[in-house]
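S.K.: Provided below are the primary sequence and the corresponding predicted coordinates.
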Amino acid sequence: MNHSIHSADRTTHLKIVVLALVAGIAVAGFGISTRTSPDYSQTAHVIKAGKPIALTSSDTSVIR
């Protein structure tokens, strides 16, 4: 049993490095797989301006 990283032997260090590498690959793989799904594609949507209107602070309509 190794209670400290300083007193750990070579195999314990190797286990820690391998575990960190596997965890990093798993996180990266999960991130790549969720990003490349077709449902979340980035497309530009064009929004055209409509007819100009005048807004007032009262409820009456503006006649021009």
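M.R.: Okay, I see it.
S.K.: where do the helices sit along the protein?
M.R.: Listed in chain order, the helices of the chain (DSSP state H) span 10-35.
S.K.: Give me the neighbour count for A26.
M.R.: 10 (other C-beta atoms under 10 Å). Heads up, the C-betas are built off the backbone N, CA and C, glycines and all.
S.K.: nope, S7 is what I was after
M.R.: With other C-beta under 10 Å as criterion, S7 counts 8.
S.K.: do you know how far K15 is from P52?
M.R.: In this view, K15 and P52 are 69 Å apart by C-beta to C-beta, to the nearest Å.
S.K.: Which of these two has more residues huddled nearby?
M.R.: More crowded of K15 and P52, by other C-beta under 10 Å: K15, with 11 against 5.
S.K.: quick one: contacts for S33?
M.R.: With contacts taken as C-beta atoms under 8 Å, 6 or more residues apart in numbering, S33 has no neighbouring residues.
S.K.: can you check I53 too?
M.R.: I53 touches nothing, counting by C-beta under 8 Å, 6+ apart.
S.K.: pLDDT score for it?
M.R.: We have a pLDDT of 75 for I53.
S.K.: Could you do the one 10 residues further on as well?
M.R.: Residue-level confidence at I63 comes out at 64, pLDDT.
S.K.: Please apply the same query to D39.
M.R.: For D39, pLDDT reads 58.
S.K.: I'd like to know how many residues surround S4.
M.R.: Count around S4 with other C-beta under 10 Å applied: 6.
S.K.: And it, how far from L21?
M.R.: Taken as C-beta to C-beta, the span from S4 to L21 is 22 Å.
S.K.: Many thanks, I have nothing further to ask.
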